[in-house]
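Enquirer: Please find the sequence and the predicted model below.
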Amino acid sequence: MDSNTRAALAGLPSMTSILASAQLSDVPHDVVKDAARSVLADVRTALLSGALDSAHVPDEQAILERVTRVVQAARARRLRAVINATGVVLHTNLGRAPLAAEVAQAVSEVAAGYANVELELSHGQRGGRLSGVEAPLQALTGADRAIAVNNNAAAVLLVLTALSRDREVVVSRGELVEIGGSFRVPDVVSAGGAKLVEVGTTNRTRAADFDRVVTDQTAVLLRVHPSNFRQVGFVHRPDRAALVAVARKHGVPLVEDLGSGLLGAAPVAGVGLEEEGVEAALAAGVDLVCFSGDKLLGGPQAGIIVGRADLVERCRRHPLYRALRLDKLGLVALEATLRMYVEGRGDHIPTRAMLMATPDALREQAVALAARIPGATVEADEGVTGGGALPGHGLAGWTVRLPDRPADALAKALRMGSPAVVARVADGAVRLDPRTVLPAERTALVAAVARARAVNDR
């Protein structure tokens, strides 16, 4: 080691001086120590390896800035708010449906203290934790009973476990799909302790195929929404009414996993019968319907089971229900979301509002946004629903195109900023889709772009 390197090492700030720094005075000493050790070790390693010249060793202020950045990174929450500028409405990686402001307020009020989760305030005795969500679900769907668990995969698992354990579940081969996150229908049937009976072929299955295999060991006929899997050409899916007739003939429940959870009219024009609502399925005679709370419903992550009272009650009484049930925050968020539907304000839920936004309205928003970002232009583009809902139905709209190069570097700078912004990179440019940017986020988005550009230009 030469004398210059030795002098540079000796000149590095001490731990005592770093801990005494005013800019880190509000940080616990143990956190500062860990960060300082890491920064100082990196500088020492660079000096000793020759990667850092002794004449360019950072001074004490520069070291403090590095320590501060490490401290900030260590103290930052892993899960934080993100501005979704991708145009994917139900972005699974970004938590799917954003909650309505009044729903978020209801969650905040309950989260801050105690809540009457299982207490009836009128008489002070224990009550049902589901009463706040069951009543609006009954009103909206026409179901006899309803319960909710923590997601739709859990809802399907609970139904199959409660109704068909050690017996048979009949499913069309064309519906043995894998949905995001490795949710495979055959695996869920197996996990529920049932035997899978496949009928039909991959591309063509008829109600008669179900009829032929029903025995005294058959517990459930299962109809599954294919999510974003599609077959075209020489295909046939059994009609719902025909399956209801088979179920009635044999006295076997028909269960339908609808997945996306559409209540009322579809928010996107041109959506076919494959996206019929929950109420339509029940009206057609399906015995139990399972669906998500955080897809087209636009509420919190939840799995909802509605239908025949005796079957819902079997699910509610099963021991697995307790392991899968919603906590108080999920319950209040779901109740508040459902109340908006009951009161005729479902179109004000952010997910539905985003899906219903017209190209003209989106162009106006894109033009207004681009006017605040130097060099930005506006182009026609297409968004998607996401989350496996409404596959094949693009959402015509407009995006703001940023000319900055390299685009990937700008996209990363946007993601790493505060607030974090997740944008889309297409044709070598960053694109911001106003469809999924909430109105209250627009000013913050403009500022985030300016900061990201400054980082990208360094």
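Expert: Perfect, I can see it now. These numbers were taken from a predicted model, which means no experiment stands behind them.
Enquirer: can you map out the strands along the stretch 51-200 of the chain?
Expert: 82-84, 119-120, 125-126, 145-149, 168-172, 178-179, 183-184, 195-199 (DSSP state E, counting those that start in this stretch).
Enquirer: What is the helix or strand where A35 lies packed up against?
Expert: Using DSSP states H and E, the element containing A35 is helix 29-49. Other helices and strands packing on helix 29-49, by 3 or more C-beta pairs under 8 Å, 6 or more residues apart in numbering; DSSP states H and E, are helix 3-10, helix 15-19, helix 60-75. For every residue, glycine as well, the C-beta is placed using N, CA and C.
Enquirer: Could you give the average pLDDT over that helix?
Expert: Per-residue pLDDT over helix 29-49 has a mean of 91.
Enquirer: tell me the contacts of A115?
Expert: Contacts for A115 (C-beta atoms under 8 Å, 6 or more residues apart in numbering) come out as 328, 332.
Enquirer: For burial, what's the neighbour tally of L320?
Expert: Other residues near L320 come to 15 when the count uses other C-beta atoms under 10 Å.
Enquirer: CA atoms only: put stretch 146-153 into PDB for me.
Expert: What follows is stretch 146-153, C-alpha atoms only, in PDB (Å, rounded to 0.1, in the frame of the first residue of the first chain):
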ATOM      1  CA  ALA A 146     -73.300 -15.000   0.400                       C
ATOM      2  CA  ILE A 147     -69.900 -15.200   2.100                       C
ATOM      3  CA  ALA A 148     -66.500 -13.800   1.300                       C
ATOM      4  CA  VAL A 149     -63.000 -15.100   1.700                       C
ATOM      5  CA  ASN A 150     -59.600 -13.600   0.800                       C
ATOM      6  CA  ASN A 151     -59.500 -14.200  -2.900                       C
ATOM      7  CA  ASN A 152     -61.300 -16.100  -5.700                       C
ATOM      8  CA  ALA A 153     -58.800 -19.100  -5.700                       C
END
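Enquirer: so of the helices and strands packed on helix 29-49, which one's packed in deepest?
Expert: Of the helices and strands packed on helix 29-49, the one with the most neighbours on average (mean count of other C-beta atoms under 10 Å) is helix 60-75, at a mean of 16.
Enquirer: Which elements pack onto that helix?
Expert: Judged by 3+ C-beta pairs under 8 Å, 6+ apart, helix 60-75 is in contact with helix 15-19, helix 29-49.
Enquirer: in the stretch 51-200 of the chain, which ranges drop under the pLDDT threshold?
Expert: Along the stretch 51-200 of the chain, segments meeting pLDDT under 70 span 180-182.
Enquirer: If you count contacts, what does whichever helix or strand T399 is part of end up packed against?
Expert: Assigned by DSSP H and E, T399 falls within strand 395-402. Applying 3+ C-beta pairs under 8 Å, 6+ apart, we find strand 395-402 packed against helix 359-370, strand 377-383, strand 429-432.
Enquirer: Just say which of those is most tucked in.
Expert: Taking mean count of other C-beta under 10 Å, strand 429-432 is the most buried of the helices and strands packed on strand 395-402, at a mean of 24.
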